[in-house]
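Undergrad: Please work out how this folds:
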Amino acid sequence: MAQGIARVLRISVLAGAIAAAAPLVGPLAGTALANCQPVVQLPDLRPHIQRARFAGPRPFAGPGRLRHLHRAQGLPTAPPPKGHVEVTYLGHSSFLIRTPKGASAITDYNGYVRSPLPPDIVTMNHAHDSHYTDIIEPGVKHVLRGWTTAEKGYPRYNLMHRDMRVRNVATNIRGITGGTEFAGNSIFIFEVGDLCLAHLGHLHHQLTESHLGRIGAIDILFVAIDDNSTMPQVEYAKVIKALKPRVVIPMHYFDEYGLNQFYGLLKPQGYVPMPHNSRTIRFSKRTLPKRAVILLPGGGF
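TA: Sure, this is the predicted structure:
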């Protein structure tokens, strides 16, 4: 009798453990998480994450450029309608994201690629002179730096401003002098209504299940395709396959050769090139293409 009761208790405990674990492992096996909510909260600083390696020729290394102030012109004056998010490519890795309630953010804010009006939020994925700045224009309310610092420690954000939520998932990068810089980059996730956008920043390695669980289900993904200073395009294709976004928007690119190469790598995953005739585009959940690479004009650099 006692043995039977003990056996029932063991089964109950095991069932409870499985049920408790289900929210962590279940969504990773599927493709949909409600509103791209993270399912794992733990940071991932494991040193054994494989860093990107570059072998063979680099087909399109970009020329040097002057860091002069550039302001995008011709942006819409009114916010996007309800149920939409607006994306404007400013250049390099910087996008302006606007919401129906007028919240705005610029990704990879670097001080020289700007919008006509200052945003509410600026994100900076890592400490490189074309991806961050300490000189912030007046009017910016929130400055989110995506790397570990001695003063603030591990980068961790979960900011709600009007109808935009911004959070981050830190990743490791190659150190300037070699080795690994732990939590030296952040993937920033922007949630607007039922749409989820993610900016990979300077990603230097494949994403673990912990990363994928904390990022959640992404609709629109911004990807650097320079094939040089971040990761090879073939490695980014694996990241895209893991995240399964509906829309991929290239950034940080040099020329048509690199774009065509990127299109070719994503074709087996069902992505179709869809060049856009304006720097600005509006998305809604209802009108998202099934799988598309949308090129916004303005040049990656």
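Undergrad: now the strands for the stretch 101-250 of the chain?
TA: Using DSSP state E, counting those that start in this stretch, the strands found in the stretch 101-250 of the chain span residues 104-106, 113-114, 121-124, 142-145, 158-161, 164-174, 180-192, 195-199, 220-224, 247-251.
Undergrad: of those, which approaches S94 most closely?
TA: strand 113-114 (4.4 Å; C-beta to C-beta). Yep, even glycine has a C-beta here, placed from its N, CA and C like the rest.
Undergrad: Each with direction, which strands does that closest one pair with?
TA: Each strand paired with strand 113-114, and its direction, by DSSP bridges: strand 70-71 (parallel).
Undergrad: So which other helices or strands are in contact with the helix or strand just after the strand it pairs with?
TA: Going down the chain from strand 70-71, the next helix or strand is strand 84-91, by DSSP states H and E. Applying 3 or more C-beta pairs under 8 Å, 6 or more residues apart in numbering; DSSP states H and E, one finds that strand 84-91 contacts strand 94-98, strand 113-114, strand 195-199, strand 247-251, strand 280-284.
Undergrad: low-confidence ranges in this protein?
TA: For the chain, the stretches with pLDDT under 70 are 1-35, 39-76, 126-132, 176, 299-301.
Undergrad: give the contact list for the most centrally placed residue in it.
TA: Centroid-nearest residue in the chain: H199, 2.1 Å away (criterion: C-alpha atoms, centre = their mean). By C-beta atoms under 8 Å, 6 or more residues apart in numbering, the contact set of H199 is S93, F95, T107, D108, T123, N125, I187, F188, I189, F190, F222.
Undergrad: swap the cut-off to 10 Å and go again
TA: Counting by C-beta atoms under 10 Å, 6 or more residues apart in numbering, H199 makes contact with 93-95, 97, 105, 107-108, 123, 125, 146, 168, 186-190, 220-224, 249, 251.
Undergrad: Any of those residues buried? List them.
TA: Among those, the ones that count as buried by 16 or more other C-beta atoms under 10 Å are 93-95, 97, 105, 107-108, 123, 125, 146, 168, 186-190, 220-224, 249, 251.
Undergrad: And stretch 147-167, what's buried?
TA: Using 16+ other C-beta under 10 Å as the test for burial, stretch 147-167 gives W147, T148, P155, Y157, L159, H161, D163, M164, R165, V166, R167.
Undergrad: what domains does the record give for this protein?
TA: Residue ranges for the domains of the chain, per automatic domain parsing: 1-30, 33-52+73-293.
Undergrad: Buried deepest among these, which one?
TA: Of the domains of the chain, the one with the most neighbours on average (mean count of other C-beta atoms under 10 Å) is domain 33-52+73-293, at a mean of 19.
Undergrad: ok now do the closest residue in space to L144 that isn't next to it in sequence, which residues does it touch?
TA: Once flanking residues are discounted, L144 sits nearest to T123: 4.7 Å by C-beta to C-beta, 6 or more residues apart in numbering. By C-beta under 10 Å, 6+ apart, the residues touching T123 are 94-95, 97, 105-109, 131-132, 142-146, 157, 159, 166, 168, 186, 188, 190, 199, 201.
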